[in-house]
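Undergrad: Based on what follows, work out the 3D shape:
(chains A and B)
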Amino acid sequence: MTEAKMLLTAGFVVVGMAGLILLFTTARFLRVLAFVVLVLGTFTLVAQGVPQVRSLPPVTEKFDVATIGEKKDLAAIGQKIFFGKGQCALCHTIGSSEGRCPDLKGVGAKLTREFIYESLTQPQAYVYMDYEHVGQAKFFPAKMPHINKKPIGLNNNEILAVIAFLQNMSGEPVTIELSEIEVPRDAAGVAGDKTAGQRVFQSACLKCHSIGAEKGKADLLLAAGKPGLRQAILSAPKPGNKDHQGFDRKLAVKDFDDLMAYLLDAKAVSKPL
Amino acid sequence: MMNYLRNQRSVYATAALLLVLACAVAMPLGVAWAEDAPSGAATEYRDLPGGSRNLIWIVAQQHLLLAGFVLGVPIFAWVCELVGVMGGDARYDKLAKEFTKLLTSAYATTALFGGILLFLLIGLYPKLMSYLTDIFFPTFVLYCILFLLETVTLYLYWYGWDAMQGQKKTLHLFLGFLLNVFAFFIMIVPNAWATFQASPVVIAEGTMWAKAWAATWNPTWWPVNIHRLIANVVLGGYICGAYAGIKYLMARNTDERVHYDWMGYVGNFIGVFGLLPLPFAGYWLMREVYQYNQQMGITLMGGILSWLFILQAMLIGILFLGSNYYFWLGIMHRIPGSEARYRRPIMAMLIILLVCLGIWMTPHSLVASLEEARKMGGTHHPLLGVFGVMSAKMTVANLMILVTFMSFIMYWRAGKQEVATWAKAAKVGQGILLGIAAIVVVVLGVWGYFVPAITRINYFSTTQVLVVLFVLLTVTPLTALLMKSAKTTTEMVWGVMPPRAGYALVLNALMVILLMTLMGFARSGSRVHWHVYGVMQDTSEYAYSPTLGYAGAFMALNTFVFCMLLTFIFWVATLGEKKSDGPEPAYADEPSAVPDGLSGGSVPAARQ
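TA: Numbers count the residues shown, from 1 in each chain, chains lettered A, B, ... in the order given. I've put the predicted structure just below:
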């Protein structure tokens, strides 16, 4: 028996029993109790009548570069991201007027890849003048979220794939070159868990370093991926600075690998076109 | 002495029961710890048979509902006490005392569930709790201090009730005020933790207090604070009403019927008083959610949770209908001879409410088969689809508030005749004001279809809200002034309501509790697979949002458990009472005039 059927059956049983008590009992408190159960049982049944959707966490589209033989493969991955992790279809439609935000039919032909990239990563940079305004355009906050930041957080490869999809479905040649797709860090020989690396960063580095420019802190993104970073961490950056002392004892090899994975991932997400 | 012993026995029995409950919850947790003992690596999650999330869901919901009750009741009690002092009516003081008596046992039960929730969260979600503790630790300290202050004030307020009568009544009122001030802060501190999870902000560098403050001052903190404050008043009022309704149904003599009929009226009055501005607070909260994160707003109103708001419309609609129905029953039964006079307006208001409810419940897109969708030309019904949008829903919500307000005014004025020289002009003015407000709400609602969404949200919807608020804030004091000098033409008779009035009160309370569980799920579900939205992802096996059917069953279960807990609290609080006690035999010593605004004259049925 499925979960829905079980709940439906339980609802009917509860409502039926409560109804019987109300019909045949005169004990006042019991009648009130049956009334309460009847109302709650009815609510449960009504709740079974609306569309039942279980919202699962978005599936991360794996970028297996080896499987991308031609540009249409990249566009196919972009299509999955468009309707999946990217959550673009939550607001945008393709060929329908029922969406909350602009219909994207033919957008790949109308706009350049640079403009689309900017719209995705800096939605406020340029607001299309004709959108929702008649007459002189006014400034208003863009509704579009920063697609390269959390909670959606598409990385550079994923954004390029979405652009490829938009161009492909508009009947335009895809201008994203396969050479622009970065080889994932695992394939480049970097082992480590970026989530664990984030914890390492927060516990060991956050006091003095930041991810991205931040006042009074050294940006670790600038160092991410550079050779010798591990050695730099193990030695004090400035004479007399004791902040890094004992890091070789505090952090295990795995912690360093995790931290590297985290930094490279953060760099990939923030990289401009 | 016997009473004392009985009280003591009830306290021990309560303590033993609570201990058994705590052990029952703690035992499986112990098993889980034994099973999942960390082996070097930090544990992110632990699980329990039946699912850790389900257990947290039940315990957290019970704690929140109980907290709403123990924060709402002091407001309710204090307002009743104040009305009693201002109007010189001893019934209000007795009512306030009767409900304050519940606080001691309810407070302990709330704290118990809070403790269980804390232990479960630390045990089952250590990673999240560690993260939140790092940010919010100073507020934990503050929370403890507030609890101490609240406890001391509550003891003084309750145990000092009889000692602080007469000249010391002002001091007692001040204690009640203080109790509510501490209760308010006790509410807003944990609100900061919960709202931070939904709308986190960048944490500023600085002292631990600076960090905690930065996290606390997040975009949805104040909207939730105000919304919960009003909702607690509503909960307190309607639970008082339900208690009175049940007692009324079980009353054994006329005196009891008179007392509990009156108590039900006061409970419903305060519930409606809070209910009218509540949608405005909800609207403000949703606006802030949209401004904070458009995607979260869409998830709520247009995405996976959109059908939840159809259920919400149904519950609110029934609550409005139930509250109005109780008012109408009051007019028909408590005021002899009024049936013929008010039948038509009541019928008109009922029709308006039903039409509004129908529109509010119309979904934006229908559940249709492919064949049905083809015939309709999409998932939007060509005719009904027009009502599924926010412009229509905002309009009918405002109209329902206006109608309920009219019911309330009608009840207030029933059986009285205004004698002020300016009464006629005032009544015409009120009528014009209500009429214009209704027209403005409808015109803006229709106009809203033809303007960009941003214009509708920023200007039209806001204007609708302000117009209705203006009516509420001008007509209420004007009516109060009129009633002050009004002559009672028909005495109100208490204790003659039909049994369905008692059931209506119980239904209203159920709707409020269900709404709280529903909107709790909505707020939690809006974070989707994030513990802290966009910052800390839920990587447990329970990162998904369940179906509305599953959630609905849980809401019903939680509501039932809460009702049972309340029954237990009410039962425990009245254990020490003598069987022959109960309300005073008659209101012989009470003044004949009841304070303006709360009743239209009173004559117990027993004295007829």
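Undergrad: mind listing the strands for the stretch 1-150 of chain A?
TA: Using DSSP state E, counting those that start in this stretch, no strands are found in the stretch 1-150 of chain A.
Undergrad: helix or strand for the residue in chain B that chain A sits nearest to, which one?
TA: Residue of chain B nearest chain A, by CB to the nearest CB: residue B:552 (2.4 Å). C-betas here are computed from N, CA, C, even on glycine. Remark: residue B:552 resides in helix B:548-573, with elements defined by DSSP states H and E.
Undergrad: Check which helices and strands that helix sits against.
TA: Under the contact criterion of 3 or more CB pairs under 8 Å, 6 or more residues apart in numbering or on different chains; DSSP states H and E, helix B:548-573 touches helix A:3-24, helix A:28-49, helix B:2-35, helix B:52-87, helix B:90-124, helix B:308-334, helix B:499-525.
Undergrad: what pLDDT, on average, does that helix get?
TA: Mean per-residue pLDDT for helix B:548-573: 93.
Undergrad: OK, contacts around the residue of chain B closest to chain A?
TA: A:43-44, A:46-48, B:311 (CB atoms under 8 Å, 6 or more residues apart in numbering or on different chains).
Undergrad: For the helices and strands packed on helix B:548-573, give me JSON lines that also has mean neighbour count and distance to residue B:439.
TA: Output for the helices and strands packed on helix B:548-573, formatted as JSON lines (neighbours: other CB atoms under 10 Å in any protein chain shown; distance: least, CB to CB, whole Å):
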{"stretch": "helix A:3-24", "mean neighbour count": "15", "distance to residue B:439": "42"}
{"stretch": "helix A:28-49", "mean neighbour count": "20", "distance to residue B:439": "34"}
{"stretch": "helix B:2-35", "mean neighbour count": "13", "distance to residue B:439": "55"}
{"stretch": "helix B:52-87", "mean neighbour count": "22", "distance to residue B:439": "34"}
{"stretch": "helix B:90-124", "mean neighbour count": "20", "distance to residue B:439": "39"}
{"stretch": "helix B:308-334", "mean neighbour count": "22", "distance to residue B:439": "21"}
{"stretch": "helix B:499-525", "mean neighbour count": "23", "distance to residue B:439": "30"}
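Undergrad: mean pLDDT for those helices: which is lowest?
TA: Taking the mean pLDDT of the helices and strands packed on helix B:548-573, helix B:2-35 comes last: a mean of 49.
Undergrad: any idea how far the residue nearest to residue A:72 when sequence neighbours are not counted is from chain B?
TA: Distance criterion CB to CB, 6 or more residues apart in numbering or on different chains; nearest residue to residue A:72, sequence neighbours excluded, is residue A:168 at 6.5 Å. With distances taken as CB to the nearest CB, to the nearest Å, residue A:168 is found 25 Å from chain B.
Undergrad: if you skip the residues just before and after it, what's nearest to the residue of chain A found nearest chain B?
TA: In chain A, the residue that lies nearest chain B is residue A:47 (2.4 Å; CB to the nearest CB). Counting by CB to CB, 6+ apart, residue B:552 is the residue found nearest to residue A:47 once chain neighbours are left out, at 2.4 Å.
Undergrad: wait, doesn't the residue of chain A closest to chain B sit right on residue B:314?
TA: No: between residue A:47 and residue B:314 there is no contact under CB atoms under 8 Å: 9.9 Å.
Undergrad: which SS class is the closest residue to residue A:257 other than its chain neighbours?
TA: Among residues not flanking residue A:257 along the chain, residue A:192 sits closest, at 3.5 Å (CB to CB, 6+ apart). Look at residue A:192: counting by DSSP: H, G, I helix; E, B strand; the rest coil, its state is coil.
Undergrad: Help me confirm that residue B:531 is found in a strand?
TA: Yes: the assignment for residue B:531 by three-state DSSP puts it in a strand.
Undergrad: In contact with it, which residues?
TA: Contacts here follow CB under 8 Å, 6+ apart; on that basis residue B:531 touches B:125, B:128, B:131, B:197, B:537-538.
Undergrad: in the stretch 101-250 of chain B, which ranges drop under the pLDDT threshold?
TA: B:202-205 (pLDDT under 70).
Undergrad: no no, the stretch 151-273 of chain A
TA: A:151, A:183-191, A:224-232, A:234-243, A:245-250, A:253, A:268-273.
Undergrad: quick one, helices of it?
TA: A:156-169, A:194-200, A:229-234, A:247-250, A:253-270 (DSSP state H, counting those that start in this stretch).
Undergrad: burial count for residue 165?
TA: Chain wasn't specified; assuming chain A. Neighbour count for residue A:165, taken as other CB atoms under 10 Å in any protein chain shown: 28.
Undergrad: actually chain B
TA: Neighbours of residue B:165 (other CB under 10 Å): 11.
Undergrad: Over to residue B:353?
TA: Residue B:353 has 21 nearby residues by other CB under 10 Å.
Undergrad: any idea how far residue A:266 is from it?
TA: 55 Å (CB to CB, to the nearest Å).
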